[in-house]
Structure formats: C-alpha cells, structure tokens
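Student: No letters, just coordinates:
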Ligand SMILES: [Zn+2]
C-alpha cells in the first residue's frame, strides 16, 4: 500500500511537478542580448513592437525553445539564429493569449533549402500514383513542422513582405489543434465559430471569384486551394500586410485581429 502510494507520488512529481519547476527556471533566466540582436535583425517589426509585447514574445520564445526539439536535415547545422528566428515567428501567433505553446508540436525539422516530399495519390480505379513535390514548409498534426531555412531568410528580407512560411505552417498547427485541419482553429464560443465560418466562407468565395475573373488579389491565390490554406495564407497577410488587409478586407482583418489578439499595424 505504502509502496503504491510512493510510486503514484513519484509519477506525479516526475511528470507534472518537475517539468513545471524546470519551465519556471527557464522563464526566469535573462534573455541573452545575442538573442535580442537576432530578433531585431530577422523578425520584421520586432524593434517597433510595444515593450510589453516584446517581453511576452521573449517569454514564449523561451518556452518554445525549452519544449521543442530542432533537427537539422540534409547536413544543416542548427544555430541560435535558426532557432530564434523560427521560434519568434511561431510565437508571434500566440501573443496576448493564455494558451499553450503548440502543445502537440515536438519537433521542427529544418532543411537548408526547399525539400523534396514524396506524395501518394489515389486515382480512380484504385491506382496509386507517386510524385515528388518540392516544398518550402510542411505542417503535420503528429507533432512535426518541416521548414526550408533559405525560404525563411528570403521571406525575412524580401521587399514585398508578402510571404512568411513560418507564420503559414504555424497557422496550420493552430488549425489542427482541435484534431481537424479545416480552416477553423480552436475558438472560445459558439458565436465565435459562427462568425468565423461566415466571414471565412465569404472571403474564400471572394478570392475564388477574383481568380476566376483574372483579378489581382491581395491574398495569395494559393489561399483558394481550400479553407485550411485560406486560413494559413490570410494569417500571413494579416501579419505581413496588415494595413492593406484592414483597408481592402475589413471583415477578415477584424476577425483575425480578434483571434490573434494583436493589431500588427502597431509595428508594421
Ligand atoms: Zn499550407
């Protein structure tokens, strides 16, 4: 009886108490100045962010780096610059919210450049075709995100600021936290789900119609692929082109502003 109680106590301490103590210790450590320098260089708008958001971001980055494992692929050596840049962009999506830091995510695999992903497709008649797709990022619901480092750096220093593969793939992670990647992340109320589907459906249809009419679009045409891609792509636009999104798609901007609990126009 005493032995059983001891084992249960040891399990509770091992699985719940010690990790919390370790995390608390990590979060109270000073943020190295070398880390801050990387944020200023590689995270657009970081220097102009309000101080309280910078503090929050650093805290979430600390937790992200503590909990997630980075794996260099195809010979890439993982550096602080790689870890900080990815963690910062991923944690931008979590500011002002008391939510877990991507609880299902365990590993970030980083390739030096676009990687080849084998694909299987089941066609009519049961024929399986195998193809190779070249990708700059991929999000899996089994706890992995795969990214191409040169794409991240290109996104960081591009002129039009349109794309951000890290924001894109981590929006997919948020989308799949409820078990299905359908373009709707976890929301707090039934009313929130209702207005989410209403606005998203309208804007998704608007993008499809614009493309059918060969019109220029602010939101990347890839968003018309399906609702999950529309959420990921419009999240990129929200953080990267916040002023234009607010001007040309006010309902979508308001919806994403309410969800992400930030207004990137403050530092964009
Ligand atoms: Zn995607």
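Tutor: Noted; the coordinates are in hand. Source: prediction; values computed, not measured.
Student: Poorly predicted segments of the stretch 151-268 of the chain, please.
Tutor: 159-161 (pLDDT under 70).
Student: Would you mind listing what in the stretch 51-200 of the chain touches the ion?
Tutor: Residues of the stretch 51-200 of the chain lying near the ion by Cβ under 5 Å from the ion: none. Quick note: C-beta positions are derived from backbone N, CA and C, even for glycine.
Student: which other helices and strands contact the helix or strand where residue 20 lies?
Tutor: Counting by DSSP states H and E, the element that carries residue 20 is helix 18-28. Applying 3 or more Cβ pairs under 8 Å, 6 or more residues apart in numbering; DSSP states H and E, we find helix 18-28 packed against helix 51-67.
Student: Tell me the bridge partners for the closest residue to the ion within the stretch 1-150 of the chain.
Tutor: Nearest residue of the stretch 1-150 of the chain to the ion: residue 139, at 6.9 Å (Cβ to the ion). Beta-bridge pairing of residue 139 under DSSP bridges involves residue 145.
Student: check contacts around it.
Tutor: Applying Cβ atoms under 8 Å, 6 or more residues apart in numbering to residue 139 gives the contacts 145, 146, 169, 170, 172, 173, 176.
Student: Which two of those have the greatest separation?
Tutor: By the measure Cβ to Cβ, 146 and 176 form the most distant pair in the contacts of residue 139, at 14.3 Å.
Student: quick revisit: any idea how far the residue of the stretch 1-150 of the chain closest to the ion is from residue 261?
Tutor: In this view, residue 139 and residue 261 are 21 Å apart by Cβ to Cβ, to the nearest Å.
Student: measure stretch 100-110 end to end?
Tutor: Start-to-end span of stretch 100-110 (Cα to Cα, to the nearest Å) is 23 Å.
Student: What residues of that stretch count as buried?
Tutor: Buried residues in stretch 100-110, defined by neighbour count with 16 or more other Cβ atoms under 10 Å: 101, 102, 105, 108, 109, 110.
Student: model confidence over that stretch, on average?
Tutor: Stretch 100-110 comes out with an average pLDDT of 94.
Student: next one: it to chain centre, how far?
Tutor: Here stretch 100-110 is found 10 Å from its chain centre; the criterion is Cα atoms, centre = their mean, to the nearest Å.
Student: So what touches that stretch?
Tutor: Here stretch 100-110 has contacts from 60, 63-64, 67-73, 76, 78, 82, 86, 90-91, 94, 141, 143-149, 170, 173-174, 176-177, using Cβ under 8 Å, 6+ apart.
Student: Among those, which lie within helices?
Tutor: 60, 63, 64, 67, 82, 86, 90, 91, 149, 170, 173, 174 (DSSP state H).
Student: Throw these into JSON lines and include neighbour count and distance to residue 115, thanks.
Tutor: What follows is the ones in helices among the contacts of stretch 100-110, written out as JSON lines (neighbours: other Cβ atoms under 10 Å; distance: Cβ to Cβ, whole Å):
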{"residue": "60", "neighbour count": "23", "distance to residue 115": "27"}
{"residue": "63", "neighbour count": "19", "distance to residue 115": "27"}
{"residue": "64", "neighbour count": "21", "distance to residue 115": "22"}
{"residue": "67", "neighbour count": "16", "distance to residue 115": "24"}
{"residue": "82", "neighbour count": "21", "distance to residue 115": "15"}
{"residue": "86", "neighbour count": "27", "distance to residue 115": "15"}
{"residue": "90", "neighbour count": "26", "distance to residue 115": "19"}
{"residue": "91", "neighbour count": "23", "distance to residue 115": "24"}
{"residue": "149", "neighbour count": "22", "distance to residue 115": "10"}
{"residue": "170", "neighbour count": "27", "distance to residue 115": "18"}
{"residue": "173", "neighbour count": "23", "distance to residue 115": "18"}
{"residue": "174", "neighbour count": "23", "distance to residue 115": "23"}
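Student: and of these, the nearest to residue 251?
Tutor: When the ones in helices among the contacts of stretch 100-110 are compared against residue 251 (criterion: Cβ to Cβ), the nearest one is residue 174, at 20.0 Å.
Student: Quick one: the strands in the stretch 101-250 of the chain, in order.
Tutor: 107-111, 115-122, 128-135, 137-139, 144-148 (DSSP state E, counting those that start in this stretch).
Student: From the centroid of the protein, which residue is nearest?
Tutor: residue 170 (1.8 Å; Cα atoms, centre = their mean).
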